[in-house]
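Engineer: Provided below are the primary sequence and the corresponding predicted coordinates.
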Amino acid sequence: MRFKADDKSLPSLLTIDVGSSRIRAAVFSLEGLFLAEHSRPTPADTPGPDQVTLSPDCLWREVVAAVRGLGERRNNVCAVGVTTLLSFVALDEAHEPVCDALLWPDRRAISEAEEMNSEAEPRLFGLIGRRFRAELTGPRLRWLARHRPSAFARVAHVASLKDYVVLRLTGALLTDDTSASYSGLFDVVRRRWSPQAAHLAGVSVDILPPTMPATQLAGLLTRWAAQSLGLRAGVAVAVSAPDGTVGSIGAGAIRAGVTVDIAGTTDVILHIAARPLCDPRGLAVVNAHAIDGVWAIGGATGLTGGAVAWAANLLGYPSVAAAKEALAEDLSRIPVGSEGLAFRTSLSGSRFPDWRPNDRGLISGVEPRHGPAHLLTAAEEGASAVVARGLAALRSCGVRVEELIVGGGLAGDSNALKRRAEMLGIPIVAVSEKETSSVGAAMLAGVVSRGFPDLKSAAEAFVRYSGRYDPECADRSHEVSNDAAAGVFASLA
């Protein structure tokens, strides 16, 4: 991140970024400079098989701790941007949670999603931009009615965790067009709730919150929230959006024709389009983008970077960076293809583009010559294979992908980016700031603070790129760039 010893009396922007493992509070200047950060663990829980939950009350306490950990840097905050991982929160009439939030990896609503797919009219999938999956609000509402009827009877409102944090900050319950898209209950073409989809879920559209563009003002920080966080009351709070979408904004995806990959625990692959494209096979999802008048097609994968981290931990290293430092010499000698070792990264099921929730990881082709460096390299190549299939799904919808902008944790690893460019057969442009979700949230905060007239102006201050990686053997069809990589893709399909 880019630090600056600035005048602490100048106005600044606060971002709250809730990820799978960390809650990150950060402060940026209006010039796009990173000033301070404090993080806390995300208090997620796995109470049983296929269950991944989080207490909204516990989350709020950790958000307060993260913001207060910024110390005096929070004294001159003039606007707040919030983003979180995808999730489902059910609230009662008093806006209190009726149960723990369900995070995206929670797979308990698989049967309900399959039922809704079989019951829906085919044209509905085009309107909502996807088929029903277990991670969507619609199937989860049906699951709640079936398995937690007493909790379902109390449901008066539904939201995402991002919406819940904004509610705590401002007292206003609303959502953005992209979060609404991820519910499976939203007409992404007309940008309004779908009564047909809501009926399938067994609810009325009356329980769904008002929708607004992410760039709009959600409300002002209440006196109660200000006292809790140690901020001034009346600070502007942006409507904001989910972390993958906000990360794409932080990577510069603010106009049609741009393709981005926010490469973290998962890869969020999005192509920005001037119209709502449709995938007839139902592999790519279509969202109303955070910017009015454009759409995003693609989706979030299953574990990719998370599987690489798992491999590093399995080898006894606390992080991928530590593993690469220790194995640097061996890693430098391993060619594309990991000398026959292949790693399928779907440790907890696959999402875009395969959508097989029962998939599990697989390591194959193991020989005595393979060592720790081969395993780590194969995990990274397995992640790239998932991205390659995602790009192929986009191209099947008529999307042209000639360059990929990469943000997230991978953006700071030049060797991994070179290998990915070689495997994908297209140039990769790396974003300088790997925490693109925080950057995107700061850009949204900057717009609602009126520090910038729009996201284009905010991008000029915030978005920078650190390098371009061209594949040595790229061909014009943008297929796999060499036989070794082709073997990797074939073994991981």
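Structural biologist: In hand now; what should we look at?
Engineer: only C-alpha atoms from now on, for both contacts and neighbour counts.
Structural biologist: Fine.
Engineer: now do the helices in the stretch 201-350 of the chain.
Structural biologist: In the stretch 201-350 of the chain, the helices defined using DSSP state H, counting those that start in this stretch lie at 223-229, 243-250, 305-314, 320-326, 328-331.
Engineer: could I get those in CSV, plus columns for distance to Ala36 and mean pLDDT?
Structural biologist: Output for those, formatted as CSV (distance: least, C-alpha to C-alpha, whole Å; pLDDT from 0 to 100):
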stretch, distance to Ala36, mean pLDDT
helix 223-229, 16, 98
helix 243-250, 17, 95
helix 305-314, 25, 97
helix 320-326, 22, 97
helix 328-331, 31, 96
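Engineer: and those helices, which is most packed in?
Structural biologist: helix 243-250 (a mean of 29; mean count of other C-alpha atoms under 10 Å).
Engineer: contacts for that helix, please.
Structural biologist: Defining contact as C-alpha atoms under 8 Å, 6 or more residues apart in numbering, one finds that helix 243-250 is touched by 17-19, 83-86, 178, 240, 260-262, 268, 270, 289-290, 300, 407-408, 435-441, 443, 459, 462-463.
Engineer: check which helix or strand Asn117 maps to.
Structural biologist: In this assignment (DSSP states H and E), Asn117 forms part of helix 110-119.
Engineer: which parts of that helix are buried?
Structural biologist: Within helix 110-119, the residues scored as buried using 16 or more other C-alpha atoms under 10 Å are Ile110, Glu112, Ala113, Met116, Asn117.
Engineer: which neighbouring elements make contact with the helix or strand following it?
Structural biologist: Toward the C-terminus, helix 110-119 is succeeded by helix 122-128 as the next helix or strand (DSSP H and E). For helix 122-128, the elements it packs on are strand 186-187, judged by 3 or more C-alpha pairs under 8 Å, 6 or more residues apart in numbering; DSSP states H and E.
Engineer: state the mean pLDDT of the strand it packs on.
Structural biologist: Rounded to a whole number, the mean pLDDT of strand 186-187 is 98.
Engineer: partners of it, with directions?
Structural biologist: In the sheet, strand 186-187 lines up against strand 192-193 (antiparallel) (DSSP bridges).
Engineer: beta partners of the residue lying closest to Pro97 once chain neighbours are set aside?
Structural biologist: Setting aside the residues directly before and after it, Pro97 is nearest to Leu91 in space (C-alpha to C-alpha, 6 or more residues apart in numbering), at 4.4 Å. Counting by DSSP bridges, Leu91 is bridged to Pro97, His157.
Engineer: tell me, how many residues neighbour Leu91?
Structural biologist: Neighbour count for Leu91, taken as other C-alpha atoms under 10 Å: 22.
Engineer: OK, contacts around it?
Structural biologist: By C-alpha under 8 Å, 6+ apart, the contact list for Leu91 reads Pro97, Val98, Arg154, Val155, Ala156, His157, Val158, Ala159.
Engineer: tell me how far the helix holding Asn117 lies from the chain's centre.
Structural biologist: Offset of helix 110-119 from its chain centre (C-alpha atoms, centre = their mean, to the nearest Å): 24 Å.
Engineer: now swap in stretch 172-183 and tell me
Structural biologist: Distance, centroid of stretch 172-183 to centroid of chain: 14 Å (C-alpha atoms, centre = their mean).
Engineer: let me see the mean pLDDT of the helix holding Asn117.
Structural biologist: pLDDT averaged over helix 110-119 gives 97.
Engineer: you'd agree Thr436 is up against Gly409?
Structural biologist: No - counting by C-alpha atoms under 8 Å, Thr436 stays clear of Gly409, with 9.1 Å between them.
Engineer: who's more crowded, these two?
Structural biologist: Thr436 (30 against 17).
Engineer: for the chain, which spans come out with low pLDDT?
Structural biologist: 1-9, 473-493 (pLDDT under 70).
Engineer: tell me how it divides into domains.
Structural biologist: Here the domain parsing of the chain from automatic domain parsing is 12-241, 251-431+463-493.
Engineer: go through those domains and name the closest to Ser449.
Structural biologist: The closest of the domains of the chain to Ser449 is domain 12-241. By C-alpha to C-alpha, the value is 5.5 Å.
Engineer: could I get the buried residues of helix 110-119 in a markdown table, plus columns for distance to Arg146?
Structural biologist: Listed next are the buried residues of helix 110-119 as a markdown table, based on distance: C-alpha to C-alpha, whole Å:
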| residue | distance to Arg146 |
| --- | --- |
| Ile110 | 13 |
| Glu112 | 9 |
| Ala113 | 13 |
| Met116 | 14 |
| Asn117 | 17 |
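Engineer: can you tell me which of those residues is closest to Asn313?
Structural biologist: Distance to Asn313 across the buried residues of helix 110-119 (C-alpha to C-alpha) is lowest for Ile110, with 29.8 Å.
Engineer: contacting residues around Gly138?
Structural biologist: Here Gly138 is in contact with Ala113, Phe132, Ser183, Gly184, Leu185, Ala197, Ala198, Leu200, Ala201 (C-alpha under 8 Å, 6+ apart).
Engineer: try it again with 10 Å
Structural biologist: 88, 109, 112-113, 116, 132, 182-186, 197-203 (C-alpha atoms under 10 Å, 6 or more residues apart in numbering).
Engineer: likewise for Arg168?
Structural biologist: Trp60, His95, Lys162, Leu221, Thr222, Trp224, Ala225.
Engineer: could you give the number of residues near the first one?
Structural biologist: What that stands for is Trp60. Neighbour number of Trp60 under other C-alpha under 10 Å is 16.
Engineer: against Arg148, how distant is it?
Structural biologist: 24 Å (C-alpha to C-alpha, to the nearest Å).
Engineer: again with the fourth one
Structural biologist: The spacing between Leu221 and Arg148, counted by C-alpha to C-alpha, is 34 Å.
Engineer: reformat the helices of the stretch 201-350 of the chain as a markdown table; add distance to Leu144.
Structural biologist: Output for the helices of the stretch 201-350 of the chain, formatted as a markdown table (distance: least, C-alpha to C-alpha, whole Å):
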| stretch | distance to Leu144 |
| --- | --- |
| helix 223-229 | 30 |
| helix 243-250 | 25 |
| helix 305-314 | 29 |
| helix 320-326 | 38 |
| helix 328-331 | 48 |
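Engineer: so which of those comes closest to Arg123?
Structural biologist: The closest of those to Arg123 is helix 243-250. By C-alpha to C-alpha, the value is 25.6 Å.
Engineer: and the closest one, how far from the chain's centre?
Structural biologist: Put simply, helix 243-250 sits 7 Å off its chain's centre (C-alpha atoms, centre = their mean).
Engineer: equivalent analysis for stretch 84-104, please.
Structural biologist: Relative to its parent chain, stretch 84-104 has a centroid offset of 18 Å by C-alpha atoms, centre = their mean.
Engineer: buried residues in it?
Structural biologist: 84-92, 95-104.
Engineer: what about the residue located most distally from the centre of the chain, which helix or strand?
Structural biologist: Distance from the C-alpha centroid of the chain peaks at Pro368, with 37.9 Å (C-alpha atoms, centre = their mean). Using DSSP H and E, Pro368 is not contained in any helix or strand.
Engineer: contacting residues around it?
Structural biologist: Per C-alpha under 10 Å, 6+ apart, neighbours of Pro368: none.
Engineer: how close does Leu314 get to Gly306?
Structural biologist: Noted for Leu314: a distance of 12 Å to Gly306, by C-alpha to C-alpha.
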